[in-house]
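# when you get a sec, could you give me coordinates for this:
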Amino acid sequence: MLAAFGVGSASVDTVLTTSAVQPGGFVEGHVHITGGDHDVQIEQAVLSLVTRVEVESGDYEHHAGVELAQVVAAHSFRVAPGERQSIPFRMPVPWEAPITEVYGQHLRGMVMGVRTELVIAKGRDKGDLDPVAITPLPVQQGVLDGFAANGFRFKHADVEHGRLHGVQQTLPIFQEIEFWPPPQHAGRINEVELTFVANPYGVDVILEFDKRGGVFSSGHDAYSRFSIRHDQAAGTDWAAVVDGWVREATSRYFSHLPPGYGHGGSGGHGGYGGHGHGPHHRGPGMGTVVAAGAAGVVGGIVAGEVFEEVFEDDGGDFEF
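Here you go, the predicted structure:
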């Protein structure tokens, strides 16, 4: 009877050898299982990459756990009393996995972990949950550097349930990274929301500009989308590219801007849908971009945020 209720059963501990990984990569590690007081027949050892997602339901919002990837590390095996077994695993990370770490710092609002479950007698023992960091791809890092170099400050990041219009997705979720605008845009833009949708060939960059409302007008959102190949990450002046995106969007959507605002002196860059600036546009170089990135983006990041507290911040409303 005690065994039926899990008393004296096997224990599980997962050790990740991959603490940080880029989208499209792999999380690797070992599942360590120690036998309890009696033989245990384990049907499966399952590992899942899970994250917290914001779900909108009418006028209400709540958080839910969503599985992004899963791998079965072992099938149908027995663990004897006191026996120790170590099972290696290698789990692919989806290209569309949200970013959780930038410049070595945890992004406030993001949650990501590897859940270990043992399937025993058609039941599931959820086991432990281990944090894992998803770091940016080179294109994603370049875009983040570009926003930082242009004075945008990190505000918040979250993952929402749903799909983006006109964007091909394999996962039913998308990440929004929010920025406060720099002083030169503060009177026109309330905030900018950045979304990456990556694939094996490149990254779609979706920008949402939240326009401030005036005394006699209401605010509205403007959207821009750009597709960038992975091989375009190196050698690109991301500060100039992002500046061109922002200027083009504000000029196109926000008609009350001063005359001539938003038109740089260089031609379009074909790799960015004709909206970016060419390599000869005057702007900060990559050294400046990286330095500004560490100061600008990380300025709004909470370093060392306690993983367990993030998972539990919604009490009983958020479970895996």
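# every contact and neighbour count from this point should use C-alpha atoms.
Fine.
# residue boundaries of the helices in the chain?
138-149, 183-186, 238-253, 286-296, 307-312 (DSSP state H).
# where among these is average confidence lowest?
In terms of average pLDDT, helix 307-312 trails the rest of the helices of the chain, at a mean of 34.
# max-length strand in this structure?
With secondary structure taken from DSSP state E, the chain has its longest strand at strand 60-79.
# what mean pLDDT does that one get?
Strand 60-79 shows an average pLDDT of 88 in the prediction.
# got any ranges where the stretch 1-150 of the chain has weak pLDDT?
Applying pLDDT under 70 to the stretch 1-150 of the chain picks out residues 1-8, 57-62, 122-127.
# switch the cut-off to 80
For the stretch 1-150 of the chain, residues meeting the criterion pLDDT under 80 lie at 1-10, 54-64, 121-128.
# show me where it has its strands.
Using DSSP state E, counting those that start in this stretch, the strands found in the stretch 1-150 of the chain span residues 11-16, 20-21, 26-34, 40-57, 60-79, 84-92, 101-102, 105-106, 112-120, 123-125, 129-131, 133-134.
# residue ranges of each domain in this protein, please.
11-135, 138-300 (automatic domain parsing).
# what number of residues are in the vicinity of Val132?
Neighbouring residues of Val132 were enumerated by other CA atoms under 10 Å; the total is 21.
# and Gly24, by the same measure?
Gly24 is surrounded by 15 other residues when neighbours are defined as other CA under 10 Å.
# show me what contacts it?
Residues in contact with Gly24, defined by CA atoms under 8 Å, 6 or more residues apart in numbering, are 92-95, 199-200.
# to Glu178, which of the strands of the stretch 1-150 of the chain lies closest?
Ranking those by their distance to Glu178 (criterion: CA to CA) puts strand 101-102 first, at 13.8 Å.
# how many neighbours does Ala73 have?
Using other CA under 10 Å, the number of residues around Ala73 comes to 17.
# quick check: the gap between it and His30.
Plainly put, Ala73 is 9 Å away from His30 if you go by CA to CA, to the nearest Å.
# can you check Gly202 too?
Between Gly202 and His30 the distance is 31 Å, computed by CA to CA.
# same check on Leu16?
In this structure, Leu16 and His30 are separated by 7 Å, where distance is defined by CA to CA.
# again, but for Ala240
In this structure, Ala240 lies at 44 Å from His30, with CA to CA as the measure.
# which of the two has more neighbours?
For the pair Ala240 and His30, the greater number of neighbours falls to Ala240 (26 against 17), based on other CA under 10 Å.
# give me the distance between the two termini of stretch 90-101.
21 Å.
# how about Val102: what's its closest non-neighbour residue?
If the residues on either side of it in the chain are set aside, Val102 comes closest to Thr135, at 6.3 Å by CA to CA, 6 or more residues apart in numbering.
# so what's that neighbour up against?
Contacts of Thr135 were listed using CA under 8 Å, 6+ apart, and they are 20-23, 99-102.
# ok, 6 Å please
With contacts defined as CA atoms under 6 Å, 6 or more residues apart in numbering, Thr135 is in contact with 21-22, 99, 101.
# using JSON lines, please lay out those together with distance to Thr34.
Shown next, in JSON lines, are these (distance: CA to CA, whole Å):
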{"residue": "Val21", "distance to Thr34": "28"}
{"residue": "Gln22", "distance to Thr34": "31"}
{"residue": "Ile99", "distance to Thr34": "34"}
{"residue": "Glu101", "distance to Thr34": "33"}
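# and of these, the nearest to Val12?
Using CA to CA, Val21 comes nearest to Val12 of the contacts of Thr135, at 23.4 Å.
# what's around the nearest residue to that closest one once chain neighbours are set aside, how many residues?
Once its chain neighbours are removed from consideration, Val21 has its nearest residue in Ile134; the separation is 5.1 Å (CA to CA, 6+ apart). The number of residues packed around Ile134, counting by other CA under 10 Å, is 24.
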